[in-house]
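Trainee: Next one to model:
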Amino acid sequence: MCYSHKSIIVAAMLTAGALYCSAQQLAFLSFAYRLPGGASAAVAGGGAIPFPATSTGSSSSVSLLVTNQGTNLSITAATVSNSAYAVSPATASLPGGATTPLTITFSPTTAGASTATLTLTLSSTETVSFQLNATAVVADFVTSYSISPNGNQTVVTNQGTILFPSTSVGQSATATFVITNQGASAGTVTSASLAASSSAAFQITGRPLLPAQVNPGNNLAFNIVFTPTTTDLQTGTLQVTLFGNNYTFVLQGSGSGASYTYQTIASGGSTSALQPNGTIAFPDTSLGSTSTLNVSITNSGNAPGQIATATVNGSSFQRTDTVPLPITLAPGGTLTLTITFAPNSVGALTGTLIVGSAVFTLQGNGLGPNLTFQFQVAGTTVSVANQGVVNFPNTNVGSSTTASLQITNAGNLSGTINSLNVTPNSAFSAKFPSLPATIAVGKTISIPLTFAPSAVGSLTATLTIDSSSITLQGVGGTPALVSGYSFTGLGSTVTPLTQPAVGLTLSQPYPVAITGQLTLSFNSGSFADDPTIQFATGGRTVSFSVPANTKTAIFGTSGTTVQFQSGTVAGTIVLTPSFSLGSVDITPQTAQPLSTVVAAGAPQLTSANLGTLAATTVQLVINGFSTTRSVDTLTFQVTPASGSNVENTTLSADVTSAFSSWYQSAPSDAVGSQFSATVTISVSGGTTDAISSVSVTAMNSNGTSQPVSVALR
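Mentor: Numbers count the residues shown, from 1 in each chain. Next up, the predicted model:
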């Protein structure tokens, strides 16, 4: 035996070993089948697998369970010899120790017995086959319907009509559709649906999960619900696939009830159809005017209907008819509503009319001016509404801030301003245009405003523009105080019963005009005031002004000084100025008044006059004042007439008591220390012809006055 022959023998041995191993692996495979809903039954290679009776147009399935108790294998092909059968999957893995299912499906198209061979090819190149045995039968079914709740069952065939009763709009009628299997075998209902062209009034409810098998003697049912939305005839199509065949049924029903059509009627009588959710358009209408449209509602249905409510919303629209609601409309009956448009603002305005469940949009355009306000100050522009507030920057008293109010006509007709006013106008002022002022559409007028506070703190005023008002608001700040001042023209003492003048000068000019008041007060040295001490203009106060950027106070219209009466009572006259900017006191905190003294001194006689002259008596009226409000002695010096011999030419009288009484009396309080004394001198042993004149002096503790004389001849 040669070497090459030995190699061939080895190869043959390997092939035989491979075949041996395959046979061994096939020996470890076992098979079983399972009918639907049944238990598994063992089957050997070459054995038969039965199928249940199956209706034509439907299908039935059997599971083949392959158990591998050996090493891993696979099915490389699974085939059947009859097209009425199918196996899935066509290939599969057979892991060792596992069971792998295959599904065999029988779908007959003709009745009668049917057989086939199932062949499984293994990865070991071995094959195993089984005989498939089945019978195809023809199912027999009936379709019918009944109307709930008490309708009779009515048979309906393919292309037949399922007729619903007349149903009130918004209500429902239900038909129960029944599929009954009267045959000897089960059948399958694959689908049941409404065609896309069907009215939305038809709906399927209670439909079972499809496809569904219907066994002999059993039925399958579901509901078809008809809910009409109109009174028209409504149709639909039910499509059902029964036992492999398609069937069509017509659905038909009519709604009953009221149905409404709407139209608008213009003032001229022209009409326009109107649909719910549509728009009722009014003509453009000026503010203060109205436009009216009628809306007619007709019952175009086949039953009476009730209009319960008709509501208008929108502040510019209202119902102005007097139709009482609710009201019932017979078929063909008509109700007419009147809607009035009275625009309350300029531009497009909308509202709604709600009649029952129907909603309509009301639309109109208001014509007129629309004045808007904008406030401009310090480079900022702010919109201001009627009853709004305009804030000015804080401004010191004596200064001012300017702004402007822009009034723009944003309407669609020219507008006119007839009235403009600022109240109160102490801190706020405006420069108004000539009235009435017309503002064209899209145009603007500007009103200059000025804030010049005269007081510290929050200040307000009201700017009135016809019927609109705007609050003007600002805060007045504290101004600078006067830096200082001095008096001119008056020394530290003043002579009684004179009218000295005094002036007032600022240390530095003030940048704005200011006003002031000079107040005179008197500190008496005699425990009594002298009301005659007052300014020449009257009273003890006098006003003055200081023009802007000057220093000299102006009294009255042009005087730079003011006079005052020094009076007749000893004491100190004090002059105190105060300075104001508006209502704000700007007097320096270190202000110093001016004091001037009326000195205490001897009495002063201002005149002596002859009173009544009799034969033996001479009456003298002596006038004068005493700054200490005291006189102790009056001394009379008599000058005899020529050729007369008069004894006792010097006479003295103690008048302390008389003058004390006078100065304590109320009349004396009004004249300071002035007095008028009447003295009678008697002549004994002769006549007054002997006297030429009489000289009088008055004396108190401070000295004696200068004499005054009275001539008798």
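Trainee: backbone phi and psi for Ser486, please?
Mentor: Main-chain torsions, Ser486, degrees, to the nearest 10: phi -150, psi 160.
Trainee: quick one: pLDDT of it?
Mentor: On the pLDDT scale, Ser486 is placed at 95.
Trainee: How is the chain divided into domains?
Mentor: 25-137, 141-256, 260-367, 371-477, 485-598, 604-711 (automatic domain parsing).
Trainee: possible to save these as TSV with mean neighbour count?
Mentor: (Each C-beta comes from the backbone N, C-alpha and C, glycine too.) Output for the domains of the chain, formatted as TSV (neighbours: other C-beta atoms under 10 Å):
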stretch	mean neighbour count
domain 25-137	16
domain 141-256	17
domain 260-367	16
domain 371-477	16
domain 485-598	17
domain 604-711	16
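Trainee: which outside residues touch the helix or strand harbouring Pro667?
Mentor: Pro667 is located in helix 666-669, with elements delineated by DSSP states H and E. Contact with helix 666-669 is made by 528-529, 531, 629, 662, 675, as judged by C-beta atoms under 8 Å, 6 or more residues apart in numbering.
Trainee: Can you tell me which of those end up in strands?
Mentor: Phe675 (DSSP state E).
Trainee: Do I have it right that Ser272 meets Thr264?
Mentor: Yes. Assessed by C-beta atoms under 8 Å, Ser272 is found in contact with Thr264 at 4.9 Å.
Trainee: remind me which residues of the stretch 251-400 of the chain are low pLDDT?
Mentor: Within the stretch 251-400 of the chain, no stretch has pLDDT under 70.
Trainee: Spell out the residue ranges of the helices in it.
Mentor: Ranges of helices within the stretch 251-400 of the chain: none, based on DSSP state H, counting those that start in this stretch.
Trainee: show me what contacts the closest residue to Thr444 other than its chain neighbours?
Mentor: Spatial nearest neighbour of Thr444, chain neighbours left out: Thr408 (4.4 Å); criterion: C-beta to C-beta, 6 or more residues apart in numbering. By C-beta under 8 Å, 6+ apart, Thr408 lies in contact with 371-374, 439, 442-444.
Trainee: any idea how far Thr408 lies from Phe392?
Mentor: Distance, Thr408 to Phe392, by C-beta to C-beta, to the nearest Å: 21 Å.
Trainee: what secondary structure does Ser684 sit in?
Mentor: With DSSP: H, G, I helix; E, B strand; the rest coil as the basis, Ser684 sits in coil.
Trainee: Could you list everything the residue lying closest to Val62 once chain neighbours are set aside pairs with in the sheet?
Mentor: Using C-beta to C-beta, 6+ apart and skipping the chain neighbours, the partner closest in space to Val62 is Ile104 (5.0 Å). For Ile104, the beta-bridge partners under DSSP bridges are Val62, Val87.
Trainee: Equivalent analysis for the one 10 residues further on, please.
Mentor: Note on Ser114: beta-bridge partners Ala134, judged by DSSP bridges.
Trainee: Is it in contact with Ala136, as I believe?
Mentor: Yes. Here Ser114 lies in contact with Ala136, judged by C-beta under 8 Å, at a distance of 5.9 Å.
Trainee: Now the common contact residues for the two.
Mentor: Common neighbours of Ser114 and Ala136, counting by C-beta under 8 Å, 6+ apart, are 84, 106, 108.
Trainee: Looking at these, spot the one nearest Leu605.
Mentor: When the shared contacts of Ser114 and Ala136 are compared for distance to Leu605 (C-beta to C-beta), Phe106 wins out at 164.0 Å.
Trainee: Spit out the contact partners of the closest one.
Mentor: Residues counted as contacts of Phe106 (C-beta under 8 Å, 6+ apart) are 51, 54, 59-62, 84-85, 114, 132, 134, 136.
Trainee: How far off centre is the helix holding Pro667?
Mentor: 74 Å (C-alpha atoms, centre = their mean, to the nearest Å).
Trainee: send the alpha carbons of that helix over as PDB?
Mentor: C-alpha atoms of helix 666-669 as PDB (Å, rounded to 0.1, in the frame of the first residue of the first chain):
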ATOM      1  CA  ALA A 666     -54.700 156.900  79.800                       C
ATOM      2  CA  PRO A 667     -54.700 160.000  77.600                       C
ATOM      3  CA  SER A 668     -51.000 160.600  78.300                       C
ATOM      4  CA  ASP A 669     -50.100 157.100  77.000                       C
END
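Trainee: what mean pLDDT would you report for that helix?
Mentor: The average of the pLDDT scores along helix 666-669 is 93.
Trainee: and if you look at stretch 641-654?
Mentor: Stretch 641-654 carries an average pLDDT of 89.
Trainee: Export that stretch to PDB, keeping only CA atoms.
Mentor: Written as PDB, here are the backbone C-alpha positions of stretch 641-654 (Å, rounded to 0.1, in the frame of the first residue of the first chain):
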ATOM      1  CA  ALA A 641     -44.800 196.800  81.900                       C
ATOM      2  CA  SER A 642     -43.100 200.100  81.500                       C
ATOM      3  CA  GLY A 643     -43.800 202.400  84.400                       C
ATOM      4  CA  SER A 644     -45.200 199.700  86.500                       C
ATOM      5  CA  ASN A 645     -44.000 198.500  89.800                       C
ATOM      6  CA  VAL A 646     -44.500 194.800  90.300                       C
ATOM      7  CA  GLU A 647     -43.400 192.900  93.300                       C
ATOM      8  CA  ASN A 648     -42.600 189.200  93.400                       C
ATOM      9  CA  THR A 649     -41.600 188.900  89.700                       C
ATOM     10  CA  THR A 650     -40.400 185.300  90.200                       C
ATOM     11  CA  LEU A 651     -43.000 182.700  91.000                       C
ATOM     12  CA  SER A 652     -42.500 178.900  91.400                       C
ATOM     13  CA  ALA A 653     -45.100 176.200  91.500                       C
ATOM     14  CA  ASP A 654     -44.700 172.600  92.700                       C
END
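Trainee: can you tell me how far the spatially most central residue of the chain sits from Ala437?
Mentor: In the chain, the centroid-proximal residue (C-alpha atoms, centre = their mean) is Ala385; its distance is 12.3 Å. As for Ala385, its distance to Ala437 is 20 Å (criterion: C-beta to C-beta).
Trainee: re the thing from before, which of the contacts of Phe106 has the weakest pLDDT?
Mentor: For the contacts of Phe106, the pLDDT minimum is Thr54, 78.
Trainee: Show the contacting residues for that residue.
Mentor: For Thr54, the contact set (C-beta under 8 Å, 6+ apart) comprises 60, 106-108, 134-137, 185-186.
Trainee: Same check on Ala528?
Mentor: Applying C-beta under 8 Å, 6+ apart to Ala528 gives the contacts 569, 629, 663, 669.
Trainee: let's see 10 Å
Mentor: Ala528 is in contact with 569, 571, 629, 663-664, 668-669, 672-673, counting by C-beta atoms under 10 Å, 6 or more residues apart in numbering.
Trainee: Enumerate the beta-bridge partners assigned to the residue lying closest to Thr285 once chain neighbours are set aside.
Mentor: Excluding its sequence neighbours, the residue lying closest to Thr285 (C-beta to C-beta, 6+ apart) is Ser291, at 4.5 Å. Per DSSP bridges, the residues bridged to Ser291 are Phe341.
Trainee: from what I can see Ser291 touches Pro343, true?
Mentor: Yes. The pair Ser291 / Pro343 is scored as a contact, 8.8 Å apart, by C-beta atoms under 10 Å.
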